[in-house]
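Colleague: the following comprises the amino acid sequence and a computationally predicted model.
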Amino acid sequence: MSSEQNPAPDTAEAPATPGPRPRRLTYAAALAALEGAALVIGGVWILVLGLTGDPDDRQQAVTGGITLLVLALLPLLAARGLLLRRGWSRGPAVITQLMALPVAYNLLQADSMAIPGGIALAVVAVVALVLLVSPATTRALGIKGPGRAE
């Protein structure tokens, strides 16, 4: 095998650009981790209630809890990638925020205690999107724009 087919191990783990991590990138990672943690908490909550409580449909409650736990992987992996300055991590982080906006809208349409949750989720999603598309974050992740490939 040639050396072109096997990249050096340390190049795969090196950050995209040298220097300190921008605060915007750290904040975006923290918001993604917060969303992931909220999904884990919600998933465990629904799962426990589905197994120990008296839900209308136990199978649906368990499935919903497991689904939230699996969905939590996306923002948690994205947060880890952002902290490690991996270029691939911005995509899952942006997708997480785009998926959060319709959820926030639906929570805002409710006539219940869900309205403050919808406001908080919408604010977190919009702030995270702004942080993720900022030039400092893009540079720190080594993402080049169209026509700027080396």
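Modeller: All right, it came through fine.
Colleague: show me where pLDDT drops low in this protein?
Modeller: Residues of the chain meeting the criterion pLDDT under 70: 1-18, 147-150.
Colleague: and the helices in it, which stretches?
Modeller: Listed from the start of the chain, the chain has helices (DSSP state H) covering 9-13, 23-52, 58-71, 73-83, 90-109, 114-132, 135-140.
Colleague: can you list these in JSON lines and add distance to Pro146 and mean neighbour count?
Modeller: All C-beta spots, glycine's among them, are computed from the backbone N, C-alpha and C. Converted to JSON lines, these look like this (distance: least, Cβ to Cβ, whole Å; neighbours: other Cβ atoms under 10 Å):
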{"stretch": "helix 9-13", "distance to Pro146": "24", "mean neighbour count": "8"}
{"stretch": "helix 23-52", "distance to Pro146": "22", "mean neighbour count": "18"}
{"stretch": "helix 58-71", "distance to Pro146": "31", "mean neighbour count": "15"}
{"stretch": "helix 73-83", "distance to Pro146": "22", "mean neighbour count": "21"}
{"stretch": "helix 90-109", "distance to Pro146": "15", "mean neighbour count": "17"}
{"stretch": "helix 114-132", "distance to Pro146": "18", "mean neighbour count": "17"}
{"stretch": "helix 135-140", "distance to Pro146": "12", "mean neighbour count": "18"}
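Colleague: can I get stretch 77-92 as PDB, trimmed to CA atoms?
Modeller: Listed next in PDB are the C-alpha coordinates belonging to stretch 77-92 (Å, rounded to 0.1, in the frame of the first residue of the first chain):
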ATOM      1  CA  LEU A  77     -21.700  13.800  18.800                       C
ATOM      2  CA  ALA A  78     -21.800  17.200  17.100                       C
ATOM      3  CA  ALA A  79     -20.900  18.900  20.400                       C
ATOM      4  CA  ARG A  80     -17.900  16.600  20.800                       C
ATOM      5  CA  GLY A  81     -16.800  17.200  17.200                       C
ATOM      6  CA  LEU A  82     -17.100  21.000  17.600                       C
ATOM      7  CA  LEU A  83     -15.000  20.900  20.800                       C
ATOM      8  CA  LEU A  84     -12.400  18.900  19.000                       C
ATOM      9  CA  ARG A  85     -12.600  21.300  16.000                       C
ATOM     10  CA  ARG A  86     -13.700  18.700  13.500                       C
ATOM     11  CA  GLY A  87     -15.100  20.100  10.200                       C
ATOM     12  CA  TRP A  88     -17.700  17.400   9.900                       C
ATOM     13  CA  SER A  89     -19.300  18.400  13.100                       C
ATOM     14  CA  ARG A  90     -20.900  21.600  11.900                       C
ATOM     15  CA  GLY A  91     -23.300  19.700   9.600                       C
ATOM     16  CA  PRO A  92     -25.000  17.600  12.400                       C
END
